[in-house]
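1. need a 3D model of the following:
(chains A and B)
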Amino acid sequence: MVALELAAVTKRYGSRTALADVSLAVPEGSSIGLLGPNGAGKTTALRLLLGFTRPSGGGVILHGHDPMEPAAREGVGYLPERLALPGRMSVHRFLRLHGSLGGLVGADRDEEVDEVMALTGIADRARDRLSNLSKGLLQRVGFAQAFLGKPRLLLLDEPTSGLDPIGVRDARDWITGARERGCTVLVSSHILSEVERTCDHVAVLHEGRVVASGPLDQVVRADENLEDAFIRLVRG
Amino acid sequence: MRPSVLTQFRTLAGEAVLDAVRRRIIAAIAVVSLLSLMLVDTCTTCSGGDVVVNGQLREIAAIAGWTGTVTFAVLGLWSIVLAGVLASEHLAQTLADGSATLALARPVGRRTFAFARLAGSLVIAFATGAVLLGGTALFLHARSGLPMGPALVAGASCAVGAVTLAALAMTASLYISRIATVMLVFIATGTATLANLLGMFRDASGGVMGAIDRFGPPLCTSIALALSPWIDEVRVPGSPLEIAIRHCGWAVASIALLGAAFRRLEIRD
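-> This is a model prediction of the structure:
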């Protein structure tokens, strides 16, 4: 079963083509790293998957639905690259709000909020205002909201941005933990070593086109690491 | 568990109200509203005695209907403008600061999100309108003996007008800047009011203003119609039913337009 699919997707912004005839299917339970230089179209692909924008051509399917339909986004955890959190809210209140929006209610929601706060190491900051947290802690809150409701698909855009080395290690463990319980993971990142450690598939985007995709061991040759493969694919 | 749209709406609308309360403009609105009420208080204290109108001696009580109608209509239109101004960034701001992104990544419909933001700004506008218009109606009733019924209907009419203008302002704010939207709110309300006044007093049924009066939102006409029991001289063109249907029709169409526009919008994070 396919968790998400981009089928011959083209996305244009005026005269600029952000994605050109991109096809990508991610099976349920797999983890894929979306790689590419700046402006390659990674964030555009994520925006299409979340229904934030419509393709100029081709089709996008998320959990069997058009991403514009709310049902497509059920069980999706999303961590954006530019995390905008309401500074006036406490950590606990923010997570309760997102739990409610995700369909959690009452004691189940509170239990889930406590669980993700404990997982991401922010339980002791539950009552703190978001405006009082450091960038690293905010990123942990971002992870916590993405993990709410035990999502079956995680879309993570530059997930380790702002995290210290301990946070990076923790994030890797959280992603691995999600994978182990069957969650599909899509990570868009510049940090190739992280992708190499957390994903079993990769797709490399360059100038809006997929230049390589498949299992990690097929994209990366025996005599190279992911960084070597990335440079080879992007520079030609 | 599939989230209930109603729960999502309630949750988002609650947040939208809190967002609206925290805006700096609220303090200014509170001060202006308080000053307006104080003015109404002063203006309605002279309920006894005589006054010369067009060379004729008349009791103040006899012209209370006119002054009451004008006062109520001005404050009613101000409440409608206020709803438009409040709505002019209440949705656009969430897109600008990126806070809409996380909510819309959840199984939240675009329309649910937009309507919740609209509801949030309207709660504040309605509360202000209720204080202003309720206070005015009470003063006019207690001091000039004007009946409360027409004021209640006129207040409801202002609420419908507020919904129309807020929804249109919110839609416009998705495409143009806040300042341009606020200017549009003032221009639209002013034009509709002028067209309605021309329709009532000059029978200007032709031209652009005539078309606005006949087909546009009857912001001023509906208030005048509701308050017509207070005065005898004003003739409101069109049947009350037609005006009420047009007024509500504009509100429904404006909300539908907001929903359609937000659904089509490209969201950038």
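2. quick check: buried residues in stretch B:137-151?
-> The neighbour-count check on stretch B:137-151 (16 or more other C-beta atoms under 10 Å in any protein chain shown) flags B:137, B:139-141, B:143-144, B:146, B:150-151 as buried. Where you see a C-beta, it was placed from the backbone N, CA and C, and this is true even at glycine.
3. so what's the residue most central in space within chain A up against?
-> By C-alpha atoms, centre = their mean, chain A has its centre lying nearest to A:Leu156, at 1.7 Å. By C-beta atoms under 8 Å, 6 or more residues apart in numbering or on different chains, the residues touching A:Leu156 are A:78-79, A:146, A:175, A:185-189.
4. which residues in the chain form strands?
-> Using chain A here. Secondary structure of chain A (DSSP state E): strands at A:2-13, A:16-27, A:31-35, A:57-62, A:76-79, A:153-157, A:184-188, A:201-206, A:209-215.
5. actually chain B
-> Listed in chain order, the strands of chain B (DSSP E) span B:50-53, B:56-59.
6. how many residues are close by the closest residue to A:Gly103 other than its chain neighbours?
-> Take A:Gly103 and drop its neighbours on the chain: the residue closest to it by C-beta to C-beta, 6 or more residues apart in numbering or on different chains is B:Pro3, 3.3 Å away. B:Pro3 has 22 neighbouring residues, counting by other C-beta atoms under 10 Å in any protein chain shown.
7. how about B:Pro3, what does it touch?
-> Contacts of B:Pro3 (C-beta under 8 Å, 6+ apart): A:70, A:74, A:100-103, B:106-108.
8. related to what we said a few turns ago, now the strands of chain A in JSON lines, with mean pLDDT and distance to B:Glu266?
-> Below are the strands of chain A laid out as JSON lines (pLDDT from 0 to 100; distance: least, C-beta to C-beta, whole Å):
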{"stretch": "strand A:2-13", "mean pLDDT": "94", "distance to B:Glu266": "9"}
{"stretch": "strand A:16-27", "mean pLDDT": "93", "distance to B:Glu266": "11"}
{"stretch": "strand A:31-35", "mean pLDDT": "94", "distance to B:Glu266": "20"}
{"stretch": "strand A:57-62", "mean pLDDT": "95", "distance to B:Glu266": "14"}
{"stretch": "strand A:76-79", "mean pLDDT": "96", "distance to B:Glu266": "17"}
{"stretch": "strand A:153-157", "mean pLDDT": "95", "distance to B:Glu266": "17"}
{"stretch": "strand A:184-188", "mean pLDDT": "95", "distance to B:Glu266": "19"}
{"stretch": "strand A:201-206", "mean pLDDT": "93", "distance to B:Glu266": "20"}
{"stretch": "strand A:209-215", "mean pLDDT": "92", "distance to B:Glu266": "21"}
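9. closest to B:Ala73 out of those?
-> strand A:2-13 (47.1 Å; C-beta to C-beta).
10. please name the bridge partners of the residue nearest to A:Ser56 when sequence neighbours are not counted.
-> What sits nearest to A:Ser56 in space, not counting adjacent residues and going by C-beta to C-beta, 6+ apart, is A:Arg12, at 4.5 Å. For A:Arg12, the beta-bridge assignment (DSSP bridges) gives partners A:Thr17.
11. now do the contacts for B:Gly84.
-> By C-beta under 8 Å, 6+ apart, B:Gly84 lies in contact with B:162, B:165-166, B:168-169, B:182, B:185, B:188-189.
12. from B:Leu257, how far off is it?
-> Using C-beta to C-beta, to the nearest Å, one gets 14 Å for the distance from B:Gly84 to B:Leu257.
13. distance of A:Asp228 relative to A:Val219?
-> A:Asp228 sits 11 Å away from A:Val219, going by C-beta to C-beta.
14. name the residues contacting each of the two.
-> Common neighbours of A:Asp228 and A:Val219 (C-beta under 8 Å, 6+ apart) do not exist.
15. between the two, tell me which one has more neighbours.
-> The neighbour comparison of A:Asp228 against A:Val219 (other C-beta under 10 Å) goes to A:Val219, with 21 against 13.
16. measure A:Thr17 to chain B for me?
-> 15 Å (C-beta to the nearest C-beta, to the nearest Å).
17. how close does A:Cys183 sit to A:Ala144?
-> 15 Å.
18. more neighbours, those two?
-> A:Ala144 (26 against 22).
19. doesn't A:Val116 make contact with that one?
-> Yes. Counting by C-beta atoms under 8 Å, A:Val116 is a contact partner of A:Ala144 at 4.2 Å.
20. shared neighbours of the two, anything?
-> A:Leu95.
21. list the buried residues of the top helix by length along chain A.
-> Using DSSP state H, we find that the single longest helix of chain A is helix A:165-180. Residues of helix A:165-180 classed as buried by neighbour count (16+ other C-beta under 10 Å): A:167-168, A:170-172, A:174-175, A:178-179.
22. before we move on, what about stretch B:240-255?
-> Residues of stretch B:240-255 classed as buried under the neighbour-count rule (16+ other C-beta under 10 Å) are B:243-244, B:246-247, B:250-251, B:254-255.
23. and the buried residues of stretch B:137-151 as CSV, adding distance to A:Val211 and pLDDT?
-> As requested, those are exported to CSV (distance: C-beta to C-beta, whole Å; pLDDT from 0 to 100):
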residue, distance to A:Val211, pLDDT
B:Ala137, 70, 90
B:Phe139, 74, 86
B:Leu140, 75, 85
B:His141, 76, 86
B:Arg143, 80, 78
B:Ser144, 80, 78
B:Leu146, 77, 84
B:Pro150, 72, 92
B:Ala151, 70, 92
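24. so which two of the residues you listed are the farthest from each other?
-> B:Arg143 and B:Pro150 (16.0 Å).
25. picking up where we left off before, output the buried residues of stretch B:137-151 in a markdown table, with distance to chain A appended to each entry.
-> Shown next, in a markdown table, are the buried residues of stretch B:137-151 (distance: C-beta to the nearest C-beta, whole Å):
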| residue | distance to chain A |
| --- | --- |
| B:Ala137 | 36 |
| B:Phe139 | 37 |
| B:Leu140 | 40 |
| B:His141 | 41 |
| B:Arg143 | 43 |
| B:Ser144 | 45 |
| B:Leu146 | 43 |
| B:Pro150 | 42 |
| B:Ala151 | 37 |
